[in-house]
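>>> sharing a model that was predicted from the sequence below.
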Amino acid sequence: MKLLASLTAGFAGAIALTALHETVRRLRPHDAPRMDVLGERGLRKLLRLEDLPQPCPQTAYSATMLGDVLSNGLYYSLVGSGRHTLGRGVALGVLAGVGGVVLPGPLGLGTAPSNRTPQTQAMTVTWYTVGGLVAGAVARALRQRRYPRRRP
């Protein structure tokens, strides 16, 4: 049951993160983080390394969205189901956001999608932190539902 609660919380955070990214990128195309672009670049790079055919743009986008939700969901499931899930969610979110700003360049994926402006950098860290908070809040709610507080 704890594993299911952790996974549920993790995927709630991942879905919130992806929905936030996709909404803001449509509303603020000039400075919104474009983690979808980084994901597509990573996918294409991996396929090239294995001499596999490149997918069409729509297939690459769909595969990237699925991969983002799956990988972020598993990552955010590390919030667990015990105590201090909100704190762990914030910590996981901040770490992922900082990684989203710092790592793409050294990985050969380019820096503009998450590093274009100071606002882009701040949004990247903030969106991942929001995802971590959602994961932590869902884990906390599931725990309270399972172990309700007893009143004296």
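Done, it's in. Since the model is a prediction, treat every value here as computed from it, not as a measurement.
>>> buried residues in the helix or strand of the chain with the lowest mean pLDDT?
The weakest-scoring helix or strand in the chain, judged by mean pLDDT, DSSP states H and E, is helix 112-115 (a mean of 92). Using 16 or more other C-beta atoms under 10 Å as the test for burial, helix 112-115 gives P113, S114, N115. Backbone N, C-alpha and C define where each C-beta goes, glycine included.
>>> excluding chain neighbours, what is closest to the residue most central in space within the chain?
With distances taken as C-alpha atoms, centre = their mean, N72 lies nearest the centre of the chain, 4.4 Å away. Leaving aside its chain neighbours, N72 sits nearest to A14 (3.7 Å; criterion: C-beta to C-beta, 6 or more residues apart in numbering).
>>> output the contacting helices and strands for the helix or strand hosting the one you found.
A14 belongs to helix 2-27 when assigned by DSSP states H and E. Packing contacts for helix 2-27, counted by 3 or more C-beta pairs under 8 Å, 6 or more residues apart in numbering; DSSP states H and E, involve helix 35-49, helix 57-76, helix 85-102, helix 118-146.
>>> average pLDDT across the first one?
Read that as helix 35-49. On average, the pLDDT along helix 35-49 is 95.
>>> what is that helix packed up against?
When contacts are defined as 3+ C-beta pairs under 8 Å, 6+ apart, helix 35-49 packs onto helix 2-27, helix 57-76, helix 112-115.
>>> returning to what we had before: report the angle between the helix holding A14 and helix 118-146.
150 degrees (axes from the mean of the first three to the mean of the last three C-alpha atoms, to 10 degrees).
>>> how about helix 2-27: buried residues?
5-6, 8-18, 20-21, 24-25.
>>> hang on, the earlier thing: my guess is the residue nearest to the centre of the chain contacts A19. True?
No. Counting by C-beta atoms under 8 Å, N72 stays clear of A19, with 11.6 Å between them.
>>> count the neighbours of V69 for me.
Residue neighbour count, defined by other C-beta atoms under 10 Å, stands at 16 for V69.
>>> who touches the nearest residue to G89 once chain neighbours are set aside in this structure?
Distances taken as C-beta to C-beta, 6+ apart place G136 nearest to G89, at 2.6 Å, with adjacent residues excluded. Neighbouring residues of G136 by C-beta atoms under 8 Å, 6 or more residues apart in numbering: A9, G13, V79, T85, L86, G87, R88, G89, V90.
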